[in-house]
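Asker: sequence? don't have it. structure:
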């Protein structure tokens, strides 16, 4: 599966990019995160949420979207 | 005792004046109001509060101040 | 700003949007503030018995009212961690659509301003001797009562 | 105004006091309104480890954030009897003392605006993917987290 992953705020700072495309064969968000953890080790100890197709989802959610975003803590206002 | 009575809003409308001075020999606010009722009969059926020296007081309060105000319902804001 | 009394609570006529904008502007030098909350009372063109309110004429027992506004100010600073607080109320004629009350509170944190502003506005409505004559388009009137 | 989406929630840079004053001015033709309530978020010059915050750089997941702002708008109009509601949030650099969030609600009656404004601000703080980089005077930074 072809997936676009977006990074924001402090996450983009550690990945040093705002988005990337990945080929991925797993089923769950958590599996995708394992892949990303091995690529960016600091993500293991970084606080973030995951949005799939612009909705927040738990890590146990099935990967259905091609639009995944890693969102650090919100700071609006 | 020489008393100054102030009227505001709808009360000033019915008394047709904003203040007046009275000679008065009673003890209580309620007695002063009786005097005013006989002068302005419509006050009997008009809703107002009384301030003595700029503080709201009950009608049973002893008359101590020379500054009495008849205040219709507040409409600030 | 805690030690200063407001220079003047009452203003003749409506409170303009320029005045409000300028008041906001003046607070941008106060960099400990994180949250402002502003309440504006605006005169409604209510329709009562088929007649439309075109303006409210405000009067007040000014000495007592200013004392009450001062008490409200003291009590708000006691209760809440406010950086600034300003109150302005109109006297005289304010037309429908115009602003007659401007309450402005500021604090480092947002929770405080919500609580403080509602407290202040409720006390103003209940405790301050201000009177309002609602003028209809045919020049008749009725006296406003806060609910 | 209920059926209209806000034209734009995000604004590049600070929200000026002129913009806010003008927004208030535009509501003076709406004579069913009796109460406005405005929340302003202002960037604080916090001192952290002896370094002073001079600005916040805001970024957002804009598509998702605009959808969230839209949802907040719908839900606020469902819950509260509002006449108008406007939200503006800064993107990019906002200096200490400048305004980064402007939420404006209006209703015939005051009780409604207090409840609605606090609801809206809390949901914005909690649910909208906006990120803030606090820039210190020595050009180092830390990432802001809403409390």
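Answerer: That came through, no problem. Only a predicted model underlies this, so the values are computations on that prediction, with no experimental measurement involved.

Asker: What parts of chain C come near chain A?
Answerer: By C-beta under 8 Å from any C-beta of the partner chain, the part of chain C that sits against chain A consists of residue C:110. Where you see a C-beta, it was placed from the backbone N, CA and C, and this is true even at glycine.

Asker: and chain C, which of its residues are near chain B?
Answerer: By the rule C-beta under 8 Å from any C-beta, the part of chain C lying against chain B is C:41, C:56, C:58-61, C:63-65, C:67, C:89, C:100-101, C:121, C:124-133, C:143-146.

Asker: give me phi/psi at residue A:67?
Answerer: Backbone torsions of residue A:67, given as degrees, to the nearest 10, read phi -120, psi 100.

Asker: again, but for residue C:47
Answerer: Dihedral pair for residue C:47: phi -110, psi 120, per degrees, to the nearest 10.

Asker: Ignoring the adjacent residues along the chain, who's closest to it?
Answerer: residue C:53 (7.7 Å; C-beta to C-beta, 6 or more residues apart in numbering or on different chains).

Asker: any residues touching whichever helix or strand the one you found is part of, and which ones?
Answerer: Under the criterion of DSSP states H and E, residue C:53 resides in strand C:51-60. For strand C:51-60, contacts defined as C-beta atoms under 8 Å, 6 or more residues apart in numbering or on different chains pick out B:8-9, B:75-76, C:10, C:43-47, C:89-96, C:100, C:128-138, C:140-141, C:144.

Asker: Swap in 6 Å and give it another go.
Answerer: The set of residues external to strand C:51-60 that reach it, using C-beta atoms under 6 Å, 6 or more residues apart in numbering or on different chains, is C:43, C:45-46, C:90-91, C:93-96, C:130-137.

Asker: Following the chain past that strand, name the next helix or strand.
Answerer: helix C:62-79.

Asker: from the chain's centre, how far out does that next one sit?
Answerer: Distance of helix C:62-79 from the chain centroid (C-alpha atoms, centre = their mean, to the nearest Å) equals 13 Å.

Asker: Flag every buried residue along that helix.
Answerer: Buried residues in helix C:62-79, counted by 16 or more other C-beta atoms under 10 Å in any protein chain shown: C:64-66, C:68-69, C:72-73, C:76-77.

Asker: could you pull out the helices for chain A?
Answerer: A:9-15, A:29-39 (DSSP state H).

Asker: quick one: the shortest one near chain D?
Answerer: Yes - for helix A:9-15, a contact with chain D is found by C-beta under 6 Å from any C-beta of the partner chain, at A:9-10.

Asker: quick one: contacts for the residue nearest the centre of chain A?
Answerer: Closest to where the C-alpha atoms of chain A average out (C-alpha atoms, centre = their mean) is residue A:70, at 3.7 Å. Neighbour list for residue A:70: A:7, A:11, A:48 [criterion: C-beta under 6 Å, 6+ apart].

Asker: The last one and chain D, how far apart?
Answerer: Separation of residue A:48 from chain D (C-beta to the nearest C-beta, to the nearest Å) stands at 11 Å.

Asker: Would you agree that residue is in contact with residue A:73?
Answerer: No - using C-beta atoms under 6 Å, residue A:48 is not in contact with residue A:73; the gap is 7.9 Å.

Asker: Excluding chain neighbours, what is closest to the most centrally placed residue in chain C?
Answerer: With distances taken as C-alpha atoms, centre = their mean, the residue of chain C nearest its centroid is residue C:101 (2.8 Å). Counting by C-beta to C-beta, 6+ apart, residue C:101 lies nearest to residue C:41, which is 3.4 Å off, once chain neighbours are set aside.

Asker: Three-state assignment for that neighbour, please.
Answerer: Classification of residue C:41 by DSSP: H, G, I helix; E, B strand; the rest coil places it in strand.

Asker: That one is in contact with residue C:100, isn't it?
Answerer: Yes - Residue C:41 is in contact with residue C:100 according to C-beta under 6 Å; the separation is 5.1 Å.

Asker: what are the pairing partners of the helix or strand hosting residue C:94, and which direction each?
Answerer: In the assignment (DSSP H and E), residue C:94 maps to strand C:84-95. Partner strands and pairing direction for strand C:84-95 (DSSP bridges) are strand C:10-12 (parallel), strand C:51-60 (antiparallel), strand C:99-107 (antiparallel).

Asker: Give the buried residues for the second one.
Answerer: By neighbour count, and taking 16+ other C-beta under 10 Å as the criterion, the buried residues in strand C:51-60 are C:51, C:53-60.

Asker: same question, the shortest one
Answerer: By neighbour count, with 16+ other C-beta under 10 Å as the criterion, the buried positions of strand C:10-12 are C:10-11.

Asker: Show me what the residue nearest to the centre of chain C bridges to in the sheet.
Answerer: Going by DSSP bridges, residue C:101 is paired in beta bridges with residue C:41, residue C:89.

Asker: Kindly provide the distance from residue C:41 to residue C:82.
Answerer: Residue C:41 sits 20 Å away from residue C:82, going by C-beta to C-beta, to the nearest Å.

Asker: If you count surrounding residues, which of those two has more?
Answerer: Higher neighbour count among residue C:41 and residue C:82: residue C:41, with 26 against 22, using other C-beta atoms under 10 Å in any protein chain shown.

Asker: Can you verify residue C:37 is assigned to a strand?
Answerer: Yes - assignment of residue C:37 by three-state DSSP places it within a strand.

Asker: what's the neighbour count on the nearest residue to it once chain neighbours are set aside?
Answerer: Excluding the flanking residues, the one nearest residue C:37 by C-beta to C-beta, 6+ apart is residue C:113, at 3.8 Å. For residue C:113, the neighbour count with other C-beta under 10 Å is 29.

Asker: how near is residue C:113 to residue D:42?
Answerer: For residue C:113, the distance to residue D:42 - C-beta to C-beta - is 11 Å.
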